[in-house]
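Q: A predicted structure for the sequence below; I have some questions about it.
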Amino acid sequence: MARLLVLDIDGTLLDPSDIVTPVVRSAIADARAHGVEVALATGRRLRSTRPVVEDLGLQLPLVVYNGALVWSTEENRALHESPFTATILAEVIAAARAAGLPPVLLQGPAAGERILVPADLSPEAEAAVAGYIGPRVQETVRLPWAALAEQPHVLTVDLFSSADRLRPVTSELAARLGIPTYHHGPWGEADLWAANLHMPGVSKASGVAVLAASLGLTLADVVAVGDGDNDLPLLEAAGVGVAMGNAPAHVRARADVVVRGHDEDGVAEAIHRFVLNRQHPAD
């Protein structure tokens, strides 16, 4: 029997209009009423995850920054954090600079969730990060390249570029240092991609394993639902890994089961079938 339900947010919990539908809300309430713990696991920062939790009106535990931070909303504190070491961070920044890719460093709540960007960027690199920074200008700090690797509590390094420039760098870092990388894109007229880089060993699976252990559970007790590359480690490690119908084909192929998309209340279907063990009402 499932004892912990873990939901991705974007493309999973949220429908195409970025809301949690009444059907999904009801299914989550049913799961909790049956004694199943519910948690969210996302690549988002804590700051951008809080509005989703507040909208649900539930004190859900969170796995954010793709597993680099496990957070208790009930106690408002970190249960676990996996920041970059200075040595690994310096290697990542050096590789990005050598390739002409602009690194964006995301610090955890212990450092105010600041966004750190090199002070000296080319016009092309500046344009690549502008879309991400956008309204977050007040949270962004510009630092000299040499100072970036000295910053504590960096949980994610984001790189932005075209796929043909980005993937050779992330592949090399993965092969040489074991850096896990999750790619997203393309978007915009420039067909830009983003890569989320983390410390070796960090994934949603590692974060959920920490959360599960804090509850006296293991990953075998988990039903996980997601749609992206960053969900794959968790979908493959969980007792039941559920891919959304809107997930890419390679994600659906590696999950245990596939449900409807986020435009058809797929999360509710997953809860009814694999948590409550009953037929989904829409079937």
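A: All right, it came through fine. Numbering: from 1, shown residues only.

Q: secondary structure class for residue 156?
A: The local conformation at residue 156, judged by DSSP: H, G, I helix; E, B strand; the rest coil, is strand.

Q: In space, what's closest to it - neighbours in sequence excluded?
A: residue 106 (4.2 Å; C-beta to C-beta, 6 or more residues apart in numbering). (C-beta placed from N, C-alpha, C; glycine too.)

Q: wait, the one you found sits on residue 151?
A: No - the pair residue 106 and residue 151 fails to qualify as a contact (C-beta atoms under 8 Å) at a distance of 10.5 Å.

Q: hang on, the earlier thing: just confirm the residue nearest to residue 156 is within a strand.
A: Yes - according to three-state DSSP, residue 106 belongs to a strand.

Q: can you pull up the bridge partners for it?
A: Legend: beta-bridge partners of residue 106 under DSSP bridges are residue 115, residue 156.

Q: can you pull the contacts of it?
A: 45, 65, 113, 115, 116, 154, 155, 156, 157, 158 (C-beta atoms under 8 Å, 6 or more residues apart in numbering).

Q: And residue 90, by the same measure?
A: By C-beta under 8 Å, 6+ apart, the neighbours of residue 90 are residue 149.

Q: Give me the distance between it and residue 194.
A: As for residue 90, its distance to residue 194 is 21 Å (criterion: C-beta to C-beta, to the nearest Å).

Q: do the same with residue 20
A: Counting by C-beta to C-beta, the gap from residue 20 to residue 194 is 24 Å.

Q: ok so, going back, what sits in contact with each of residue 106 and residue 151?
A: By C-beta under 8 Å, 6+ apart, residue 106 and residue 151 have these common neighbours: residue 116.

Q: And residue 57, what's its pLDDT?
A: Residue 57 is assigned 95 on the pLDDT scale.

Q: you'd agree residue 37 is up against residue 215?
A: Yes - assessed by C-beta under 8 Å, residue 37 is found in contact with residue 215 at 6.1 Å.

Q: Now do the domain split for this protein, please.
A: According to automatic domain parsing, the chain comprises the domains 4-81+202-274, 86-197.

Q: Stretch 27-40 spans what distance, first to last residue?
A: By C-alpha to C-alpha, to the nearest Å, the extent of stretch 27-40 from end to end equals 15 Å.

Q: list the buried ones in it?
A: Within stretch 27-40, the residues scored as buried using 16 or more other C-beta atoms under 10 Å are 27, 28, 30, 31, 36, 37, 38, 39, 40.

Q: Then stretch 179-192?
A: 179, 180, 181, 182, 183, 184, 192.

Q: which one of those sits closest to residue 206?
A: Set against residue 206, the nearest of these by C-beta to C-beta is residue 180 (9.2 Å).

Q: Can you give me every residue that contacts residue 178?
A: For residue 178, the contacting residues are 200, 201, taking C-beta under 8 Å, 6+ apart as the criterion.

Q: Roughly how far does it sit from residue 211?
A: 23 Å.

Q: same deal with residue 117?
A: Taken as C-beta to C-beta, the spacing of residue 117 relative to residue 211 amounts to 31 Å.

Q: just to revisit the earlier point, hey, what's in contact with both of residue 37 and residue 215?
A: Common contacts of residue 37 and residue 215, defined by C-beta under 8 Å, 6+ apart, comprise 3, 4.

Q: could you pull out the strands for the stretch 51-200 of the chain?
A: Using DSSP state E, counting those that start in this stretch, the strands of the stretch 51-200 of the chain run over residues 62-64, 69-72, 77-81, 103-107, 115-118, 140-143, 154-161, 181-187, 192-197.

Q: now these in a markdown table, with distance to residue 10?
A: Formatted as a markdown table, the entries for the strands of the stretch 51-200 of the chain read as follows, by distance: least, C-beta to C-beta, whole Å:
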| stretch | distance to residue 10 |
| --- | --- |
| strand 62-64 | 12 |
| strand 69-72 | 17 |
| strand 77-81 | 22 |
| strand 103-107 | 16 |
| strand 115-118 | 19 |
| strand 140-143 | 22 |
| strand 154-161 | 15 |
| strand 181-187 | 10 |
| strand 192-197 | 13 |
